[in-house]
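J.: Pasting a predicted model and its sequence here:
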Amino acid sequence: MARDKTVYTCTACGGTNPKWLGKCPHCGAWNTLEEGVAETPQAQRHRYKPIAGSQPVATLSEIEAAEIERTPTGLAELDRALGGGIVEGGVVLIGGDPGIGKSTLLLQAAERLAQTMKVLYVTGEESGAQVALRARRLGLREAPLRVLAEIQLERILAAIESERPRFCVIDSIQTLFSDALTSAPGSVAQVRECAAHLTRAAKSSGTAIVLVGHVTKEGALAGPRVLEHMVDTVLYFEGDTHSSFRLVRAIKNRFGAVNEIGVFAMTERGLKGVSNPSAIFLSTHDAPVPGSCVLVTLEGTRPLLVEVQALVDSGGVAPRRLSVGLDRDRLAMLLAVLHRHAGVSCMDQDVFVNAVGGVRIQEPAADLAVLLAIHSSLRGKALPRGFLAFGEVGLAGEVRPAPRGQERLREAAKLGFAVALVPKANAPRAADARAFEGLTIHAVERVEQAIEIVRAL
Ligand code: TYD
Ligand code: MG
């Protein structure tokens, strides 16, 4: 191949450059340029043809908006994350760490769907025999599920053409390669090329396709971010492989709400949906321990009670700030607020925080609980039994309300919590107090007030 036919693509932003550089000229990331095959202008034009097919200009109100029909997979928790089920011609990308259970979940879903429709399971990572063995272990042997062990894109497309499945799983997109490119499977060019072809196949044939993708050490789906733009739905599989609970979170969904989460437990017979997950992310202590605070998080439609743990220990000249499941920049900010506005200093201390059970908390409503857990660890005094807190903390030391605070409080009251520390705007009015019986609610406007209240508890 002539040298001018190669192009270097950034794995972080997908930008291209004709020669290799240490630093991407588009996004400034280091060591991210990878070699790929340059496309001819014709091929590029082909790529940018609208996937849905060209249509004349029309008035929005005159376009018939047919309700999208969803087919439930039969796994209620997966359907919840998908926004009701699979959609004809829809492409779903599901990412997660190796061994988290992506293949297991999709095999279960494929088997359920195969009872009512034609389903093709393309496995590039395992042999057909391995898939069969797993299916037997999961007790799934009844449905006429079609399996193809193949990694060459053209043959997979031909199989989709001839089998005409209504649901197709590609496990995984990183193992596929197209003959049109010379780079290795898993390279940026290959992943992008294969995903584009499969997306087009889904739209033209009406097959719903699920692409399994790996997650890099940095926590991003391997391959260019452009993959996330191509597909209709992006799901992330998260959770601690050492605990049995797994979360499936919708990051993007053209057919439903985002941030909806499905909860599963990994058992010896596969993944089982957890329909009432509110209390599974609490660790069980016989007596309250310092450095632990429970919060109610509400991502999607269900409130979840999650325990945040903090450990503050004397550090060296450059103390460490580490967080698992919570944003590290946010942690640094909270420590600064705690110092400036409440006079509590962790300057020469190492600070570690962790969200129990491998759950990842993204919403800022976790701030107050993180702050109180750190404060509790620092003074070596546990928060009282049945205590919980939520609320966003601002740089000025104010405690801002969390969305749908009453719902969070109701869940906590239902689970028998006794004391809640919440933002003033989230405190229920006197007339509603009956709904939170048994729960003493302290409302605060500022961080220093919150610290004062817990000191007095
Ligand atoms: P897998 O679906 O192969 O993960 P991925 O495709 O995301 O890499 O999950 C494999 C893990 O799940 C493995 O560590 C074993 C465990 N497992 C169970 O605990 N129970 C089961 O029934 C199955 C099939 C797997
Ligand atoms: Mg797998």
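T.: All right, it came through fine. Numbering: from 1, shown residues only. Ligands and ions are numbered 1, 2, ... in the order given.
J.: rest of the way, CA atoms for contacts and neighbours
T.: Noted.
J.: As a check, name the ranges of all helices in the stretch 101-250 of the chain.
T.: Counting by DSSP state H, counting those that start in this stretch, residue ranges of the helices within the stretch 101-250 of the chain are 102-114, 128-137, 153-163, 188-205, 226-230.
J.: nearest to ligand 1, of those?
T.: Proximity to ligand 1 (C-alpha to the nearest ligand atom) singles out helix 102-114 among the helices of the stretch 101-250 of the chain, at 3.6 Å.
J.: is any part of the closest one close to ligand 1?
T.: Yes: using C-alpha under 6 Å from any ligand atom as the criterion, contacts between helix 102-114 and ligand 1 involve K102, S103, T104.
J.: Quick one: low-confidence residue ranges for the stretch 351-457 of the chain.
T.: In the prediction, the stretch 351-457 of the chain carries no residues with pLDDT under 70.
J.: what do you get for the chain?
T.: Along the chain, segments meeting pLDDT under 70 span 1-5, 37, 39-54, 216-226.
J.: Spell out which residues of it are next to ligand 1.
T.: The chain comes close to ligand 1 at residues 98-104, 134, 138, 266-270, as judged by C-alpha under 6 Å from any ligand atom.
J.: about what we covered before: let me have the residues of helix 102-114 next to ligand 1 in CSV, extended by neighbour count.
T.: Formatted as CSV, those follow (neighbours: other C-alpha atoms under 10 Å):
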residue, neighbour count
K102, 23
S103, 21
T104, 19
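J.: what secondary structure does the closest residue to T241 other than its chain neighbours sit in?
T.: Closest residue to T241 apart from its sequence neighbours, by C-alpha to C-alpha, 6 or more residues apart in numbering: I100 at 6.0 Å. Per DSSP: H, G, I helix; E, B strand; the rest coil, the local secondary structure of I100 is coil.
J.: Touching, I100 and E238? I think so.
T.: Yes: distance between I100 and E238: 7.4 Å, which falls inside the contact criterion (C-alpha atoms under 8 Å).
J.: Pull out the buried residues from the strand ranked longest in the chain.
T.: Longest strand in the chain by number of residues (criterion: DSSP state E): strand 302-314. Going by neighbour count (16 or more other C-alpha atoms under 10 Å), the buried part of strand 302-314 is R302, P303, L304, L305, V306, E307, V308, Q309, A310, L311, V312, D313.
J.: Then stretch 63-75?
T.: When neighbours are counted by 16+ other C-alpha under 10 Å, the buried residues of stretch 63-75 are found to be P72, T73, L75.
J.: With secondary structure and distance to E363 added, can I get these in TSV?
T.: As requested, the buried residues of stretch 63-75 are exported to TSV (DSSP: H, G, I helix; E, B strand; the rest coil; distance: C-alpha to C-alpha, whole Å):
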residue	secondary structure	distance to E363
P72	coil	29
T73	coil	29
L75	coil	27
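J.: Closest one to ligand 1 out of those, please.
T.: Closest approach between these and ligand 1, by C-alpha to the nearest ligand atom: L75, at 15.1 Å.
J.: Next up, the contacts around that closest one.
T.: Under the criterion of C-alpha atoms under 8 Å, 6 or more residues apart in numbering, the neighbours of L75 are A109, G273.
J.: With H341 instead?
T.: H341 makes contacts with A396, G397, V447, E448, as judged by C-alpha under 8 Å, 6+ apart.
J.: I'd like the distance between the last one and ligand 1.
T.: This means E448. Taking C-alpha to the nearest ligand atom, to the nearest Å as the measure, E448 and ligand 1 are separated by 44 Å.
J.: Setting aside sequence-adjacent positions, which residue approaches that residue most closely?
T.: Excluding its sequence neighbours, the residue lying closest to E448 (C-alpha to C-alpha, 6+ apart) is A342, at 4.7 Å.
J.: Quick check: that neighbour vs V454, distance?
T.: Summarising the geometry, the distance separating A342 from V454, computed by C-alpha to C-alpha, to the nearest Å, is 12 Å.
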